[in-house]
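*Asks:* predicted structure and sequence below. I'll ask about it afterward.
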2 protein chains.
Amino acid sequence: MRALAMPQDGSGAPRFSHVACGDCPIRERAVCAYCDGDALDALSAIKTYREYPAGRDILAAGEVSPMVGSIVRGVVKLTKSLPDGRAQMVGLLFPGDFVGHPGRAEAAYDATAATEVQLCLFQRQPFETLLRETPQLEKRLLDMTLTELDAAREWLLLLGRKTARERIATFLMALAGRARRAAPAGLPDGAPFCFPLPLTRGEMAEYLGLTIETVSRHMTRLRAEGVLAFSDARSVSVPDLAALAAEAGD
Amino acid sequence: MRALAMPQDGSGAPRFSHVACGDCPIRERAVCAYCDGDALDALSAIKTYREYPAGRDILAAGEVSPMVGSIVRGVVKLTKSLPDGRAQMVGLLFPGDFVGHPGRAEAAYDATAATEVQLCLFQRQPFETLLRETPQLEKRLLDMTLTELDAAREWLLLLGRKTARERIATFLMALAGRARRAAPAGLPDGAPFCFPLPLTRGEMAEYLGLTIETVSRHMTRLRAEGVLAFSDARSVSVPDLAALAAEAGD
DNA sequence: CGGCATTTTGACGTCCCTCAAGGGGCGTGG
DNA sequence: CCACGCCCCTTGAGGGACGTCAAAATGCCG
């Protein structure tokens, strides 16, 4: 397990260039979104970039991390485990999302890079100081935390009440919605909607509260029924978004 | 469905006295915990108290509420439902907890009084203004929201991976811990630990992602095995907290 | 070509859900 | 005081969705 603060080995060496905040791809979505002028300069002064290859641990539960930060590129999964090894993904973070809890140094769950990831990191101490002095930073963090809380509660409904088929359809709909928003250029609505899966079958199972076999079986069945199409197991195409939405249960 | 702002009928008429903030039982735990002096006066100036009998709806999903507030007494449940009627409790709020999301007027879930409830309410608009002007208020709200997020993620693990028996044990352990903290007077550790259940079997099922029959069956079995004892279905006694903890799975 | 990880598929078991009936507590009304 | 209804809880029988165990297929990379 490798903490946010640990130096990285060669395989994780930087491959993305550091950017000015003004050119940052997550400028509008990240914790810094409401900041400008002096506040942005102050944040910029304490930021460092860091890359993680797919599969690498970013932070382990119970570990004390001196860093918090924003996802610039890639997907980060948050996982909680029981002593006997059963594991449940409790969050899936995308570019712009914030990693780490200001105010509590000890991580409550494992954070792992699901894909290659670039983080924009801040040392905890200066960041928390800045947080106290910068109302718009704190406001943004509160907004983002409330959004995450809503998302977690939506997931409670999924885990508590939805069938395996509905869980998979819900997850794919969420990914489709994200892909659509990421490529807002006027795409024909009629064309099959296509996007990559950032997770393996096993990771999907971990997220959806299922086993890998159940995920695989239902994916296969959805394909057989024409709701989904995919040649590669890691990329999905949806001929009819409405049909998939109808399978999601809400 | 009755909104926070709606006037109440006779059955819900106030039965608790309004109190000065200095004498408030949740003074140390609520959103106002970090406030004093002017900030506390400003909050006090816009607060109103309101009572709800057990079972009454406080706020319905999708409804626009002009109020937010703190629970002074009682237990509030938050529930999300699917169109076909399946329902999952997504939060259980106790005295000191905050009801409503500043910044988003539309409720994301139903809020219902599980027991008789007293709320300390603030009109949304003045509260949000005060929030912008009062860093310690925003800080407290952020802290509380992060705590709720952690709790929700703990619940994801429960719903995704724990067996019915483990879910029930986990829930009872949480209640036992709360009861113990509420009565910190040096109780003998050896004595059977006793506390009331704020929820019916049906509500427990709704919270735990189970059916009422499964909850009832496992409660019966836990009693038969001596892990629990109860004469009244609504109050539980735990002869051996460690034994119950061992059933919780973590 | 060969090794490894991932995915798919099959057979079987089990935990929990569904459907159904019955019991206990409590308030209301005769 | 008892009868009745209502709600909550309990208990039972049966079935189904998903988990477990196992093996084969597919893809990736050296």
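*Replies:* Arrived safely. Numbering: from 1, shown residues only, chains lettered A, B, ... in the order given.

*Asks:* need the longest helix for chain A.
*Replies:* Using DSSP state H to define each element, chain A has its longest helix at helix A:135-161.

*Asks:* and the pLDDT for the residue positioned nearest the centre of chain A?
*Replies:* Ranked by distance to the mean C-alpha position of chain A (Cα atoms, centre = their mean), the top residue is A:L93 at 1.5 Å. Note for A:L93: predicted pLDDT of 98.

*Asks:* ok, the spatially closest residue to it that is not a sequence neighbour - contacts?
*Replies:* Spatial nearest neighbour of A:L93, chain neighbours left out: A:V76 (4.3 Å); criterion: Cβ to Cβ, 6 or more residues apart in numbering or on different chains. C-betas here are computed from N, CA, C, even on glycine. By Cβ atoms under 8 Å, 6 or more residues apart in numbering or on different chains, the residues touching A:V76 are A:I58, A:L92, A:L93, A:D97, A:V99, A:A111, A:T112, A:A113, A:A114, A:V117.

*Asks:* hang on, A:L59 packs against A:A108?
*Replies:* No: the pair A:L59 / A:A108 is not scored as a contact, 10.0 Å apart, by Cβ atoms under 8 Å.

*Asks:* which parts of chain A sit against DNA strand C?
*Replies:* A:T200, A:R201, A:G202, A:I212, A:E213, A:V215, A:S216, A:R217, A:M219, A:T220, A:A233, A:R234 (Cβ under 7 Å from any atom of the strand).

*Asks:* could you find the closest non-adjacent residue to A:K139?
*Replies:* Closest to A:K139 by Cβ to Cβ, 6+ apart is A:Y34, at 6.1 Å.

*Asks:* do you know how far the one you found is from A:I71?
*Replies:* Applying Cβ to Cβ, to the nearest Å, the value for A:Y34 to A:I71 is 18 Å.

*Asks:* among the two, which residue is more densely surrounded?
*Replies:* A:I71 (23 against 16; other Cβ atoms under 10 Å in any protein chain shown).

*Asks:* ok, the host helix or strand of that one: who's next to it in the sheet?
*Replies:* For A:I71, the element it lies in under DSSP states H and E is strand A:67-73. The strands beside strand A:67-73 in its sheet (DSSP bridges) come out as strand A:98-99 (antiparallel), strand A:117-123 (antiparallel).

*Asks:* going on from the shortest one, what's the next piece of helix or strand?
*Replies:* The reference is to strand A:98-99. strand A:110-113.

*Asks:* likewise the last one?
*Replies:* Counting by DSSP H and E, the next helix or strand C-terminal to strand A:117-123 is helix A:124-133.

*Asks:* of the residues of chain A next to DNA strand C, buried ones?
*Replies:* Buried members of the residues of chain A next to DNA strand C, counted by 16 or more other Cβ atoms under 10 Å in any protein chain shown: A:R201, A:V215, A:S216, A:M219.

*Asks:* please list which of those also come close to DNA strand D.
*Replies:* Counting by Cβ under 7 Å from any atom of the strand, no member of these is near DNA strand D.

*Asks:* which residues does A:V238 contact?
*Replies:* By Cβ under 8 Å, 6+ apart, the contact list for A:V238 reads A:L172, A:A176, A:P192, A:F193, A:C194, A:V227, A:L228, A:A229, A:L244.

*Asks:* re earlier: just name the most buried of the strands paired with strand A:67-73.
*Replies:* Highest mean neighbour count of these: strand A:117-123, a mean of 24 (counted as mean count of other Cβ atoms under 10 Å in any protein chain shown).

*Asks:* for that one, C-alpha coordinates in CSV please.
*Replies:* The C-alpha trace of strand A:117-123 is given here as CSV (Å, rounded to 0.1, in the frame of the first residue of the first chain):
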residue,chain,number,x,y,z
VAL,A,117,-4.9,8.7,-12.8
GLN,A,118,-3.5,12.2,-12.4
LEU,A,119,-4.1,14.0,-9.1
CYS,A,120,-3.7,17.7,-8.3
LEU,A,121,-2.6,17.4,-4.6
PHE,A,122,-2.5,19.8,-1.8
GLN,A,123,-0.7,19.3,1.5
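
*Asks:* return the distance of it from the chain's centre.
*Replies:* Remark: strand A:117-123 is offset 14 Å from the chain centroid, using Cα atoms, centre = their mean, to the nearest Å.

*Asks:* re earlier: A:L59 and A:A108: which has the busier surroundings?
*Replies:* Using other Cβ under 10 Å, the more surrounded residue of A:L59 and A:A108 is A:L59, with 25 against 18.

*Asks:* dig out what that one forms beta bridges with.
*Replies:* Applying DSSP bridges to A:L59 gives these bridge partners: A:A111.

*Asks:* can you tell me how far it is from B:G74?
*Replies:* Taking Cβ to Cβ, one finds A:L59 at 38 Å from B:G74.

*Asks:* strands paired with the helix or strand of chain A with the lowest mean pLDDT, and their directions?
*Replies:* One helix or strand of chain A scores below all others by mean pLDDT, DSSP states H and E: strand A:193-196, with a mean of 90. In the sheet, strand A:193-196 lines up against strand A:235-238 (antiparallel) (DSSP bridges).
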